[in-house]
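> structure, please.
(one chain, ligands or ions: 2)
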Amino acid sequence: AAGEGRAAWLGMLAAELWYAAYWVVTQSVRWSPVRRRPFIDRLAARHGERLPCVDIFVCTADPYSEPPSLVVSTILSLMAYNYPPEKLSVYLSHDGGSILTFYGMWEASLFAKHWLPFCKRYNIEPRSPAAYFSESDGHQELCNPKEWSLIKDMFDKMTERIDTVVMSGKVPEEIKASHKGFYEWNQEITSKNHQPIVQILIDSKDQNAVDNEGKVLPTLVYMAREKRPQHHHNFKAGAMNALIRVSSVISNSPIIMNVDCDMYSNNNDAVRDALCFFLDEEMGHKIGFVQYPQNYYNLSKNNIYGNSLHVINEVEMGGMDSLGGPMYIGTGCFHRREILCGRKFTEDYQEDWNAGIKDKLQESIDETEEKAKSLAACTYEHGTQWGDEIGVKYGCVVEDVNTGLAIHCRGWDSVYNNPKRPAFMGVGPTTLAQTILQHKRWSEGIFSIFLSKYNVFLFAHGKTKLRHQMGYHIYGLWAPNSLATLYYVIIPSLALLKGTSLFPEITSPWIAPFVYVFCVKNMYSLYEALLSGDTLKGWWNGQRMWLVKRITSYLFGVLDNLRKLLGLSKINFVVTPKVSDEDESKRYEQEIMEFGSSDPEYVIIAAIALLNLVCLMGGLSKVMKGGWNVHLDALFPQLILCGMLVITSIPFYEAMFLRKDKGRIPFPVTLASIGFVMLALLAKIV
Ligand SMILES: O=c1ccn([C@@H]2O[C@H](COP(=O)(O)OP(=O)(O)O[C@H]3O[C@H](CO)[C@@H](O)[C@H](O)[C@H]3O)[C@@H](O)[C@H]2O)c(=O)[nH]1
Ligand SMILES: [Mn+2]
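Numbers count the residues shown, from 1 in each chain. Ligands and ions are numbered 1, 2, ... in the order given. Next comes the predicted model:
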């Protein structure tokens, strides 16, 4: 392709070199995967019930995208762990500061008195009532059917009450009268402007806090840290840090576990499993945190939006484990309190597993609450190391990755525990928009670490293994991958249309590396996906979603970082909604892609799909007109590439031209994308 198309060809070379480098990075975690298995019977043999206290943190932010009834089921599942209840404390942080969620928590504190004994009597699993009743309906033979119906009825009624109150937006006066906590809310309170609220709903040290069988209940605390418009609240990281402080005056347990509000406990033994690692006599003293994978219970069979995370969970995280430990992914993780608060690793460090506030405090509950509130005030952190050296780090929307990295750099290892029965199940995105949004936040956040002083290669240099640092970059480089991909899905197709060849001829031996990479890369990725639990179609859909994420989410991830560097925008954490409307859910179940709105990302998707269609047809007609033998050899590789893109894009053409439902690509989007395609053709880029 001498002369003509040289610039285009150089660009291709650059993209290919980038991919080669990225491939090397992805191999770091594939050399020596480990899989761990804890033995809880040995834990029991060695420690009996002399186990450490555990604090459980749950974060929620918005009563509408994270409905209180969902949060309540999560909370109940966590309270019902197979663990001595006097050693468990469950804290909910509510960043929306809404009375509706507090009401849900109050209902949960009452229902727990029936739910916990029921769970323990029949040793049921999972212990989220919503999940349990939807799974066990019809085959509840393990328990007394009368009791089953009774408790199900009780739960349904509670959910109904909560949903009604949320719909009406107001808690009835007679309910308000039954707990002092409701009086924290007055007319002026908004989600962005309110005083700190801490309410101990159940205090396990109180002799009256027992279930209907007279057994102790775990402590249950509601917290909404202070919010003022003039103070930045640092999103989830800020909530976590407030929880660390608030819990320090209530239970102060040496182990802290945290989950997102949608991640219910699906495995009763998860706490004991995690302790097997911390209490291990040989390696326990080096372990900073124990991470469980992120699993979703609402995925459709064939992974239409590529959200299954199977390959990350089954292959990559286990690979990281052998290199120094998995990243902290923000949910389903057990930390030692000391380490989360900034402690460096030293050989002689001895954890005091007996730590924690176990006896009834001298002060009254009101006094404890007041003390806790002062720790959840906006100004508390001013002039301190919180958010930097202490606690979860600020300044990044993937606070988790940053925080975990700092822990690794302070000398601690982490371990990955991926039991057969998943420990936590959460709500994954069920629309294209939610998926794109989530991946935009992730890729933007991790790339911002790459661009900052915490750049893993620099910050962790000499502190962790090089391969471990490379493992972090699998995700750290998601965003810039978008540039190479955009180039690769646009330029060769345009060149095809023009008749310019960018690859070696199909008969030349130089084509061999391309064919080899194409075949082997895809076969290996298919093999990994199938091995990790995806279906064939799921893999195929996943490939399409990689394309979509790279040309939308990850591109935005790059652009937003540029804007931040130029000082044009500030960081923002957009919560992934955990509800979708009925129509949308139906399409999700049928695995039909959901568009529906006129977002700019859909214009990109549609434009690239159309561009490739036009180029493929143009290229084909050129080859036919010019006589097969003239052009075919030279253009064949581009025909294949363009053809593959067209096949991948079939659902997009359907959404543009064939579908009639509300989730189709809206006409203005199609129109705009046609405009862009015409522009690209006229601009003579290649
Ligand atoms: O200002 C905020 C914003 C969010 N959250 C909570 O953070 C959690 C995670 O938010 P979500 O919208 O569900 O994001 P995901 O992309 O699903 O979360 C993943 O990615 C986040 C980092 O981007 C991590 O913090 C999460 O633990 C991890 O599950 C939820 O429980 C929210 O309620 C807050 O408490 N305060
Ligand atoms: Mn989530």
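> what segments of this protein are strands?
For the chain, the strands defined by DSSP state E occupy 54-60, 88-94, 197-202, 219-224, 255-260, 264-265, 287-291, 333-336, 413-416, 424-425.
> sheet-wise, list the partners of the last one with their directions.
Pointing back at strand 424-425 there. Strand pairing for strand 424-425, determined by DSSP bridges: strand 264-265 (antiparallel).
> does any bit of the strand it pairs with sit next to ligand 2?
No - Strand 264-265 does not reach ligand 2 (C-beta under 5 Å from the ion); its nearest approach is 12.3 Å. Any C-beta I mention is one placed from the backbone N, CA and C, and that applies to glycine too.
> how about the residues of the protein by ligand 2?
Residues of the chain lying near ligand 2 by C-beta under 5 Å from the ion: 260, 576.
> for the chain, what's the longest helix?
helix 600-625 (DSSP state H).
> and that one, which residues are buried?
For helix 600-625, the neighbour count (16 or more other C-beta atoms under 10 Å) marks 601-616, 618-619, 622-623 as buried.
> can you check stretch 558-566 too?
Within stretch 558-566, the residues that count as buried by 16+ other C-beta under 10 Å are 558, 560-561.
> can I get those in CSV with pLDDT?
Below are the buried residues of stretch 558-566 laid out as CSV (pLDDT from 0 to 100):
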residue, pLDDT
558, 97
560, 95
561, 95
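> in CSV: the strands of the chain, plus mean pLDDT, distance to residue 316 and mean neighbour count.
CSV is the format used below for these (pLDDT from 0 to 100; distance: least, C-beta to C-beta, whole Å; neighbours: other C-beta atoms under 10 Å):
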stretch, mean pLDDT, distance to residue 316, mean neighbour count
strand 54-60, 98, 25, 26
strand 88-94, 98, 29, 27
strand 197-202, 97, 39, 24
strand 219-224, 98, 34, 27
strand 255-260, 98, 20, 25
strand 264-265, 98, 24, 28
strand 287-291, 98, 12, 25
strand 333-336, 98, 16, 26
strand 413-416, 98, 10, 24
strand 424-425, 98, 18, 25
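> related to what we said a few turns ago, just the ones of the buried residues of stretch 558-566 in helices?
Among these, the members found in helices (DSSP H) are 558, 560-561.
> of all the residues you listed, which comes closest to ligand 1?
Nearest to ligand 1 among those: residue 560, at 13.6 Å, using C-beta to the nearest ligand atom.
> now the closest one, nearest residue through space, not along the chain?
residue 444 (5.0 Å; C-beta to C-beta, 6 or more residues apart in numbering).
> can you pull the contacts of the closest residue to ligand 2 within the stretch 401-550 of the chain?
Taking C-beta to the ion, ligand 2 has its nearest neighbour within the stretch 401-550 of the chain at residue 426, 5.9 Å off. Applying C-beta atoms under 8 Å, 6 or more residues apart in numbering to residue 426 gives the contacts 259-260, 262-264, 294-297, 331.
> can you list the low-confidence ranges for the protein?
Low-confidence segments of the chain (pLDDT under 70): 1-4, 138-141, 627-630.
> chain neighbours aside, what residue packs nearest to residue 389?
That would be residue 342: by C-beta to C-beta, 6+ apart, it lies 4.9 Å from residue 389.
> neighbours around the residue of the stretch 451-600 of the chain found nearest ligand 2, how many?
Ranking the residues of the stretch 451-600 of the chain by distance to ligand 2 (C-beta to the ion) places residue 576 first, at 4.9 Å. Neighbourhood size, residue 576 [other C-beta atoms under 10 Å]: 17.
> how about the residues of the stretch 151-300 of the chain that lie near ligand 1?
235-236, 239, 260-261, 294 (C-beta under 6 Å from any ligand atom).
> circling back: surely the residue of the stretch 451-600 of the chain closest to ligand 2 meets residue 436?
No - the criterion here is C-beta atoms under 8 Å, and residue 576 misses it with residue 436 at 10.6 Å.
> wait, what's in contact with residue 53?
Neighbouring residues of residue 53 by C-beta under 8 Å, 6+ apart: 87-89, 251-255, 355-356, 358.
> how about those, which pair is most distant?
Maximum pairwise distance among the contacts of residue 53 (C-beta to C-beta): 15.0 Å, between 88 and 355.
> and the residue of the stretch 251-400 of the chain nearest ligand 2?
As assessed by C-beta to the ion, ligand 2 sits closest to residue 260 within the stretch 251-400 of the chain, at 4.8 Å.
> how about that residue, nearest residue that isn't a chain neighbour?
residue 331 (4.4 Å).
> need the contact list for that neighbour.
Residue 331 sits next to 258-260, 263, 294, 400, 424, 426 when contact means C-beta under 8 Å, 6+ apart.
> just give the closest residue to the closest residue to ligand 1 within the stretch 201-350 of the chain, not the sequence neighbours.
Proximity of the stretch 201-350 of the chain to ligand 1 (C-beta to the nearest ligand atom) peaks at residue 330, 2.3 Å away. Computed as C-beta to C-beta, 6+ apart, the closest residue to residue 330 that is not its neighbour in sequence is residue 400, at 3.4 Å.
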